[in-house]
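1. any chance you can model this:
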Amino acid sequence: MTDPAPEIAVLLVDDQDLVRSGLRRILRRKDGFTIIAECADGDEVAAAVGRHRPDVVVMDLRMKRVDGIEATRLLTAQSGPPVLALTTFNDDELLSGVLRAGAAGFVLKDSSAEELIRAVRAVAAGHSYLDPAVTSRVLSTYRKAATSPRATAVSDLTARELDVLTLIARGRSNSEIADELSISGLTVKSHIGRIFVKLNLRDRAAAIIHAYDTGIVAPPVTQEPGNRSAKVVSVTLENPRPR
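-> Now for the predicted structure:
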């Protein structure tokens with residue numbers, strides 16, 4: 001008999017009791033989660049992570065003392081657990097900011113329970129999750145705020161590197177890229193490293209933006225507010241940051 005998968009240990013960070021209560025009702029033990037701790041502000045996060053060692057942090061962005069971006073930046077600098085940002089439709093600037101701070105992804109507070117569960121599982125597994133409802137908007141804001149110049153040509157890429165970049169932009173993880181191209185995971189990582197150097201890219205999110213800008217791939221399907229029942233195409237990416 002196969003042993004059950006270990007539960008995903010979650011740290012909840014939100015300054016509203018009602019929101020944390022709702023998250024507890026969604027991320028249930030029977031679905032493979034355990035809420036090991038909760039924080040009411042970003043200044044409590046580092047100590048809670050050190051004490052409880054969560055697999056993933058579900059982080060609100062707007063908090064009174066220390067916001068989610070600064071708390072995420074601190075965790076990233078300390079090679080802490082991956083962060084899934086949780087916020088509202090009107091926070092494009094904050095979402096792009098938390099990506100730059102090192103978050104593994106984001107999901108909106110009006111998402112379905114199923115989508116939240118999917119996002120938390122993806123991030124805990126070492127991937128990233130970008131809510132499809134606002135991905136194009138947020139990446140556009142991320143692009144405008146980029147501080148380092150990025151090359152616009154892909155002529156320096158080999159054919160295989162272009163294949164890898166295309167699959168990254170289509171949401172494939174490293175293991176999926178390896179399977180699809182019939183190469184090893186180590187070779188995929190080597191290709192990604194060379195792509196980042198050649199195109200002056202900092203991370204995977206920047207690679208996706210570059211692929212959109214140069215027309216290598218089309219942006220993901222998006223939804224307008226209030227149309228959450230429409231077909232969802234999610235962007236799930238392997239997180240290159242070591243755990």
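2. check which helices and strands the lengthiest helix in the chain sits against.
-> The longest helix of the chain (DSSP state H) is helix 185-198. If you count contacts as 3 or more CB pairs under 8 Å, 6 or more residues apart in numbering; DSSP states H and E, helix 185-198 packs onto helix 159-169, helix 174-181, helix 204-213. Every residue, glycine included, has its C-beta placed from N, CA and C.
3. burial check on V120, number of neighbours?
-> Neighbours of V120 under the rule other CB atoms under 10 Å: 27.
4. any idea which element it lies in?
-> Using DSSP states H and E, V120 sits in helix 113-124.
5. packing partners for that helix?
-> Partner elements for helix 113-124 (3+ CB pairs under 8 Å, 6+ apart): strand 8-13, helix 17-26, strand 56-60, strand 83-87, strand 105-108, strand 127-130.
6. okay, angle between the first one and helix 17-26 too, please.
-> With axes from the mean of the first three to the mean of the last three CA atoms, to 10 degrees applied, the angle from strand 8-13 to helix 17-26 works out at 170 degrees.
7. quick revisit: which of the helices and strands packed on helix 185-198 sits most buried?
-> When you average the neighbours per residue for each of the helices and strands packed on helix 185-198 (mean count of other CB atoms under 10 Å), helix 204-213 leads with a mean of 21.
8. tell me the average confidence for that helix?
-> Averaged across helix 204-213, the pLDDT comes to 73.
9. how far is that helix from where the chain is centred?
-> 14 Å (CA atoms, centre = their mean, to the nearest Å).
10. quick revisit: any chance of the helices and strands packed on helix 185-198 in TSV, with distance to L23 too?
-> Listed next are the helices and strands packed on helix 185-198 as TSV, based on distance: least, CB to CB, whole Å:
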stretch	distance to L23
helix 159-169	30
helix 174-181	29
helix 204-213	25
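11. where in the chain is pLDDT low?
-> Applying pLDDT under 70 to the chain flags the ranges 1-5, 89-90, 132-136, 138-154, 171, 203, 205, 218-243.
12. about what we covered before: out of the helices and strands packed on helix 185-198, nearest to V13?
-> Proximity to V13, assessed across the helices and strands packed on helix 185-198 by CB to CB, is greatest for helix 204-213 (21.4 Å).
13. now the closest one and helix 174-181, what's the angle there?
-> Here helix 204-213 runs at an angle of 40 degrees relative to helix 174-181 (the same axes, to 10 degrees).
14. helices or strands up against helix 204-213?
-> By 3+ CB pairs under 8 Å, 6+ apart, helix 204-213 packs against helix 135-144, helix 159-169, helix 185-198, strand 235-238.
15. how about Q78: what's its closest non-neighbour residue?
-> A46 (7.2 Å; CB to CB, 6 or more residues apart in numbering).
16. which of the helices and strands packed on helix 185-198 sits closest to I117?
-> I117 sits nearest to helix 174-181 of all the helices and strands packed on helix 185-198, at 20.6 Å, using CB to CB.
17. dump the C-alpha coordinates for the closest one into CSV.
-> Listed next in CSV are the C-alpha coordinates belonging to helix 174-181 (Å, rounded to 0.1, in the frame of the first residue of the first chain):
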residue,chain,number,x,y,z
ASN,A,174,12.0,21.9,-15.9
SER,A,175,11.0,18.3,-15.7
GLU,A,176,8.3,18.8,-18.3
ILE,A,177,10.8,20.6,-20.6
ALA,A,178,13.2,17.7,-20.2
ASP,A,179,10.5,15.1,-21.1
GLU,A,180,9.2,17.1,-24.1
LEU,A,181,12.7,17.7,-25.6
